[in-house]
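**Q** here is my input; please provide its structure:
(chains A and B)
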Amino acid sequence: MKTFDYRTATGLADGLEPGAVFLAGGTNLVDLMKLGIATPDVLVDVSRLPLREITDLPRGGMRIGSAVRNSDLAADHRVRTAYPVLSQALLAGASGQLRNMATTGGNLLQRTRCRYFMDATMPCNKHLPGSGCPARDGDHRNLAILGGSEACIATHPSDMAVALAALDAVVQVDGPTGQRSIPVTDLYRLPGDTPERDTVLEHGELITAVDLPELPVAARSTYRKARDRASYAFAVGSVAAALDVEDGLVREVRLAFGAVAPKPWRAFAAEEALRGRPATRERFAAAADAELRHATPLRDNAYKIALIRNLTVSVLASLVPSTEPAAQGPAAQGPAAQGPAAQGPATQGPAESATEEETR
Amino acid sequence: MRLTVNGAQHHLVGLDPRTTLLDALRERLHLTGAKKGCDHGQCGACTVLLDGRRVNSCLILAITQQDAEITTVEGLGHRGAPHPVQQGFLDHDGFQCGYCTPGQICSAVGMLDEVGKGWPSAVTTEIPDPNGDLLTDAEIRERMSGNLCRCGAYPNMVPAIKQAAGR
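**A** Numbering: from 1, shown residues only, chains lettered A, B, ... in the order given. Prediction:
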């Protein structure tokens, strides 16, 4: 590990010298420093700043201090009842130990687990701009099908961020140029030609809180994660969803996908295809297709299209109240997408296969 | 800098800021109970308690923990007076080679405290349910998933932990 100076931040207005980075829980940053991927000159420890409160916002909703630990946030009674998708997403991630360490702000700013990014001996446009991307022809089984570029197809690894994207959460930032608010859906950049920058944050800007708006539909929400083992693994695909159904019609819906893009992927097109429409499995599948038709899978990750489609159908169906006459029929079997993505047998599986995958 | 470990305060002179809590415990304080397995937060062998909460000591810089109360497996019990979790592992043969065991035990102690606070896990289905059993086999397996055992001694750890919890 490269040497560095260490100091504790005493206030939000401290600022950040060139070459310095903030340290919070350290679960990702310390690991990346050991790997030689992160090489800060100075660590500024923000874990003692007074950012550990979860408070009610005056006009409804909640403010989560950025230093609130993932385990405390997941266990918060208000979160569990008003925004269960957030608690579930947090608990689906990492381990008990890591959740005790990791903070809300740090979770948002964790970096991709793409194997080429994590290996300092490999080319990677994210850790060494201009060095190339071996993933396109190499190991990309768990990399992006949406939002990637020629330069980078890394996925954002956070489960929590997927739930926050679905919940219209807003990140509060303090920095050298003052305070600003950024919707979580706008916090992350798509890679384009500059994949080295994950977010729109400027040097020295610190996330101080994440605000959850009052969102009645969120009381009926859930998170479903498919992964290669039953626990303690990153997602290969995940869905965060909230759904309100009345008289068989979708009154309100929130939908976001994880592990498919460089950012938590809010499925705006799918939501638009659902509002006011019948809450049936066929419609749920068609809505997922509306979002996934722009997918550009590579050799080994086209399975994610079927996986996300089937997870979406399964998750939304699980949120339809039992009193509603919907989502009882067999899974829709139509083509998963209209582009080249639709080719291949993996896109035709029954809707429950994703569930079986997850619980295996 | 100072570290408070198992109730005793230690002053470490000339500690490099790069030193992880795990390395400080093992190499400077010679508390070799916590093990270095993967050294990347993926195996749980380095688990210790920080102010009572279980954490991976390999991903924590020692310099950041000068105000914390650290408990390692050495601080949980003694020969002849083991901690209930240690006794459970003995009674149910919850280990084979033993390398992951200190981490498993510290993790189980922290986990039982979390259960006592009513914290949910990924397999907890009932939302706030005071009568919900947070120590079913499935709950224990999920809550302990941050600790790997390459010997595969998992099956006996489940009853070991249940016994420690008084089940």
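**Q** looking at the residue of chain A found nearest chain B now. What's its pLDDT?
**A** Distances between chain A and chain B by Cβ to the nearest Cβ are smallest at A:Ser95, namely 2.5 Å. Just so you know, the C-beta spots here come from the backbone N, C-alpha and C atoms, and that holds for glycine as well. Model confidence at A:Ser95, expressed as pLDDT, equals 98.
**Q** how about B:His78?
**A** The model reports B:His78 with a pLDDT of 89.
**Q** same check on A:Gly11?
**A** The per-residue pLDDT of A:Gly11 was computed as 82.
**Q** one step back: ok, the closest residue to the residue of chain A closest to chain B other than its chain neighbours - contacts?
**A** Nearest residue to A:Ser95, sequence neighbours excluded (Cβ to Cβ, 6 or more residues apart in numbering or on different chains): B:Gly146, at 2.5 Å. Residues in contact with B:Gly146 (Cβ atoms under 8 Å, 6 or more residues apart in numbering or on different chains) are A:94-98, A:232, B:44, B:47, B:56, B:107.
**Q** inside helices: which ones of those?
**A** Using DSSP state H, the members of these that fall in helices are A:96-98, B:107.
**Q** wait, is A:Val315 part of a helix?
**A** Yes - note on A:Val315: a helix contains this position according to DSSP: H, G, I helix; E, B strand; the rest coil.
**Q** if we go by neighbour counts, what in the top strand by length along chain A is buried?
**A** The strand spanning the most residues in chain A, taking DSSP state E as the definition, is strand A:235-246. Using 16 or more other Cβ atoms under 10 Å in any protein chain shown as the test for burial, strand A:235-246 gives A:235-245.
**Q** and chain B, which of those contact it?
**A** With respect to chain B, and counting by Cβ under 8 Å from any Cβ of the partner chain, no part of the buried residues of strand A:235-246 is in contact.
**Q** would TSV of the residues you listed with pLDDT be doable?
**A** Supplementary listing: the buried residues of strand A:235-246 in TSV, determined by pLDDT from 0 to 100:
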residue	pLDDT
A:Ala235	98
A:Val236	98
A:Gly237	98
A:Ser238	98
A:Val239	98
A:Ala240	98
A:Ala241	98
A:Ala242	98
A:Leu243	98
A:Asp244	98
A:Val245	98
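**Q** coming back round to it: out of the contacts of B:Gly146, who's the most crowded?
**A** By neighbour count, taken as other Cβ atoms under 10 Å in any protein chain shown, the most surrounded of these turns out to be B:Asn56 (37 neighbours).
**Q** that residue and A:Arg99 touch, don't they?
**A** No - when contacts are counted by Cβ atoms under 8 Å, B:Asn56 is not listed as touching A:Arg99 (10.8 Å).
**Q** and the residue of chain B found nearest chain A, how far from A:Leu243?
**A** With Cβ to the nearest Cβ as the measure, B:Gly146 is the residue of chain B nearest to chain A, at 2.5 Å. From B:Gly146 over to A:Leu243 the distance is 32 Å, taken as Cβ to Cβ, to the nearest Å.
**Q** and the closest residue to B:Val5 other than its chain neighbours, which of the three is it?
**A** With Cβ to Cβ, 6+ apart as the criterion, B:Val5 has its nearest non-adjacent residue at 4.6 Å, and that residue is B:Ile70. Going by three-state DSSP, the secondary structure assigned to B:Ile70 is strand.
**Q** give the contact list for B:Ile70.
**A** For B:Ile70, the residues meeting the contact criterion (Cβ under 8 Å, 6+ apart) are B:3-6, B:21, B:25, B:48-50.
**Q** same check on A:Asp56?
**A** With contacts defined as Cβ under 8 Å, 6+ apart, the neighbours of A:Asp56 are A:62-63, A:78.
**Q** which among the residues you listed end up buried?
**A** By the neighbour-count criterion of 16+ other Cβ under 10 Å, the contacts of A:Asp56 include these buried positions: A:62-63.
**Q** follow-up on the earlier one: wasn't the residue of chain B closest to chain A part of a strand?
**A** No - with three-state DSSP as the criterion, B:Gly146 is assigned coil and is not in a strand.
**Q** can you list the domains in chain B?
**A** In the assignment given by automatic domain parsing, the structural domains of chain B cover B:2-75, B:84-164.
**Q** out of these, nearest to A:Asn28?
**A** domain B:2-75 (8.6 Å; Cβ to Cβ).
**Q** so which bits of chain B are right by chain A?
**A** Counting by Cβ under 8 Å from any Cβ, the positions of chain B adjacent to chain A are B:16-18, B:20, B:39-41, B:44, B:47, B:50, B:53-56, B:59-61, B:63-64, B:107, B:110-111, B:114, B:117-122, B:124, B:127-128, B:141-147.
**Q** and with 7 Å instead?
**A** If contacts are counted using Cβ under 7 Å from any Cβ of the partner chain, the residues of chain B sitting beside chain A are B:17-18, B:40-41, B:44, B:47, B:53-56, B:59-61, B:63-64, B:107, B:110-111, B:114, B:119-122, B:127-128, B:142-143, B:145-146.
**Q** so how do I select the buried members of the residues you listed in ChimeraX?
**A** In ChimeraX syntax, the buried subset of the residues of chain B next to chain A is picked out as below (16+ other Cβ under 10 Å):
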select /B:17,18,41,44,47,53,54,55,56,59,60,61,63,64,107,110,111,114,119,120,121,122,142,143,145,146
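**Q** filter the residues of chain B next to chain A down to the ones in helices?
**A** B:107, B:110-111, B:114, B:142-143.
**Q** could I get these as TSV with distance to A:Thr155?
**A** What follows is those, written out as TSV (distance: Cβ to Cβ, whole Å):
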residue	distance to A:Thr155
B:Ser107	29
B:Gly110	30
B:Met111	30
B:Glu114	29
B:Glu142	24
B:Arg143	27
